[in-house]
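J.: One predicted model, sequence on top.
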Amino acid sequence: MTRRLLLLLPLAGFLVLGGFLYQGLSINPFERDSALMARAFPAFELTTLEDPGRVVDESLLEGQVTLVNVWGEWCPTCKQEMPQLLDLAERGVRLIGVDYKDTREKGREFLAEFGNPFEVNIFDPEGSLGFDLGVYGAPETFLVDADGVIRYHHTGYIKPADVRDVILPEVKRWHE
């Protein structure tokens with residue numbers, strides 16, 4: 001009897017481990033919440049993409065509701081979402097860009113080709129701000145209220161329907 005039990009233990013362990021792995025495969029990483037939700041935007045001090053002599057910090061995000069979009073020239077879906085970001089800017093939504101893990105030259109070329117909806121582009125070549133935000137890829141977008149607090153996080157590409165159904169309602173919600 002004891003011998004049979006010893007033979008079944010590895011099988012039971014394998015089944016339990018397999019169950020955990022199967023559950024992990026069913027999780028959609030794009031539906032994860034930011035650990036920074038309802039917290040102040042992380043402190044930073046970086047230059048802008050447009051002007052290497054201009055240093056900005058988190059105070060840039062205080063005073064009005066702002067969408068902070070993390071993008072990079074190397075990111076194919078960033079190119080796909082640019083029309084939606086341009087549309088949001090035309091509708092009066094304030095956008096700040098974070099050029100993530102890029103070169104200044106490549107970032108500028110990207111904006112020249114696809115348009116620049118951003119009031120300011122924070123240049124984050126080492127990814128330090130992206131790391132503090134918990135970014136694991138681009139694009140990612142954060143809605144920051146007028147007090148500098150993160151209120152919404154969108155992982156991945158902003159589709160046209162997301163503008164209408166999610167982004168604009170969230171912006172309106174935090175304007176009030």
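T.: Received it, and whenever you're ready, just let me know what you need.

J.: ok, which stretches of the chain are strands?
T.: Ranges of strands in the chain, per DSSP state E, are 45-47, 55-57, 66-71, 95-100, 120-124, 140-144, 150-155.

J.: Could I get the ones you listed in CSV, plus columns for mean pLDDT?
T.: As requested, the strands of the chain are exported to CSV (pLDDT from 0 to 100):
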stretch, mean pLDDT
strand 45-47, 98
strand 55-57, 98
strand 66-71, 98
strand 95-100, 98
strand 120-124, 98
strand 140-144, 97
strand 150-155, 96
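
J.: Distance of H154 relative to V70?
T.: Distance, H154 to V70, using CB to CB, to the nearest Å: 10 Å. (C-beta placed from N, C-alpha, C; glycine too.)

J.: anything in contact with each of those two?
T.: Both H154 and V70 are in contact with 140-142, where contact means CB atoms under 8 Å, 6 or more residues apart in numbering.

J.: Below-threshold pLDDT in the protein: ranges please.
T.: Applying pLDDT under 70 to the chain flags the ranges 1, 3-36, 176.

J.: Might you report the residue contacts of the residue sitting nearest the centre point of it?
T.: For the chain, the residue nearest the mean C-alpha position is E140 (2.1 Å; CA atoms, centre = their mean). Neighbouring residues of E140 by CB under 8 Å, 6+ apart: 69-70, 133, 153-156.

J.: surely D102 meets R108?
T.: No: in this structure, D102 is not within contact of R108 by CB atoms under 8 Å, at 9.5 Å.

J.: Looking at the two now, which is surrounded by more residues?
T.: D102 (24 against 17; other CB atoms under 10 Å).

J.: excluding its backbone neighbours, what's nearest the more buried one?
T.: G72 (4.7 Å; CB to CB, 6 or more residues apart in numbering).

J.: Tell me how far that neighbour lies from L49.
T.: For G72, the distance to L49 equals 11 Å [CB to CB].

J.: quick one: the helices in the protein?
T.: For the chain, the helices defined by DSSP state H occupy 2-25, 76-90, 104-114, 128-133, 160-162, 168-175.

J.: Now the fifth one: buried residues?
T.: Under the neighbour-count criterion of 16 or more other CB atoms under 10 Å, helix 160-162 has D162 buried.

J.: Can you pull out the residues in contact with it?
T.: 83-84, 87, 154.
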